[in-house]
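S.K.: give me a model of this one.
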Amino acid sequence: MSIPARLTSYLQARDVRYDICVHEHSRTSAQTARTAHVPPHQLAKSVLVEDDDGCLLAILPADKQLKLGALSRLTNRHALRLSDEARISSLLPDCDRGAVPALGMAWGLETIVDDSLDQSDVVYIEGGDHEQLLRLSHTDFHSLMSEVQHGRFCGEAIH
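M.R.: Next comes the predicted model:
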C-alpha cells in the first residue's frame, strides 16, 4: 500500500517536507522502531479512543503507554475507551489496519499530542501501512501540531 493521498495532500497543503523511510513489514510500534532502526521515543504512535461525544486520536511516543485516566482528566471526557479495529478502519479506510498516521487532523479527527514528543529532533510517523514511515523535522511536526491540544497522558510501557 502506498501513502494515502489524503495524508500527502494534507502535508503538501501545509508545505511540510518529509522523507520516506522504508522498512520491513512490522505489526507493532516497538517492532516498527526496531525494523526501521529509529529510536522508539522518536516514533509517534496513534491510539484511537472514543466516548459518546466522538473519537479522539492520542499521539504518544512508541516507547510509552497511554494512561487513559490521565487523558480523560486532561480532556474532561470521563467515559473514554479504546476504539476497536472496526471503528478505526471505518474512520481511516485508506490506511492499513494498525498503521494509523499520527496526523488525525488529515481525516478530521480531534487529535491530542503528548508533551514528551516535544523533546525529539525528528519525529517519525506511520505512513498508513506497515512498511513506511515519514520522517518529519522537529519544526515541521510541531508546526502541524500547533493547533491541537497538548498535555501529559503517557507513562512507561510495561514490558
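
S.K.: can you tell me the centre-most residue of this structure?
M.R.: Ala102 (2.5 Å; C-alpha atoms, centre = their mean).

S.K.: can I assume it is in contact with Gln42?
M.R.: No. Assessed by C-beta atoms under 8 Å, Ala102 is found out of contact with Gln42, at 11.5 Å. For the C-beta atoms, the positions are set from N, CA and C on the backbone; glycine is no exception.

S.K.: mutual contacts of those two, please.
M.R.: Counting by C-beta atoms under 8 Å, 6 or more residues apart in numbering, the shared contacts of Ala102 and Gln42 are Val123.

S.K.: just to be sure, the residue nearest to the centre of the chain is in a strand?
M.R.: No. Per DSSP: H, G, I helix; E, B strand; the rest coil, Ala102 lies outside any strand segment and is coil.

S.K.: and it, what does it touch?
M.R.: Listed by C-beta under 8 Å, 6+ apart, the contact set of Ala102 reads Ala44, Lys45, Ser46, Leu57, Ile59, Val113, Val123, Ile125, Glu126.

S.K.: for the last one, what are its contacts?
M.R.: The neighbourhood of Glu126, defined by C-beta under 8 Å, 6+ apart, consists of Thr32, Lys45, Ser46, Cys95, Ala99, Val100, Pro101, Ala102, Gln132, Leu133, Leu134.

S.K.: how about the third one?
M.R.: With contacts defined as C-beta under 8 Å, 6+ apart, Ser46 is in contact with Leu57, Ala58, Ile59, Val100, Pro101, Ala102, Gly104, Glu126.

S.K.: swap in the second one?
M.R.: Residues counted as contacts of Lys45 (C-beta under 8 Å, 6+ apart) are Ser29, Ile59, Leu60, Pro61, Ala62, Ala102, Glu126.

S.K.: compute the number of surrounding residues for the second one.
M.R.: The burial metric for Ile59, expressed as a neighbour count using other C-beta atoms under 10 Å, is 27.

S.K.: rebuild the contacts of Ser46 as JSON lines, extending it with distance to Leu117.
M.R.: Shown next, in JSON lines, are the contacts of Ser46 (distance: C-beta to C-beta, whole Å):
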{"residue": "Leu57", "distance to Leu117": "13"}
{"residue": "Ala58", "distance to Leu117": "11"}
{"residue": "Ile59", "distance to Leu117": "7"}
{"residue": "Val100", "distance to Leu117": "15"}
{"residue": "Pro101", "distance to Leu117": "14"}
{"residue": "Ala102", "distance to Leu117": "9"}
{"residue": "Gly104", "distance to Leu117": "14"}
{"residue": "Glu126", "distance to Leu117": "14"}
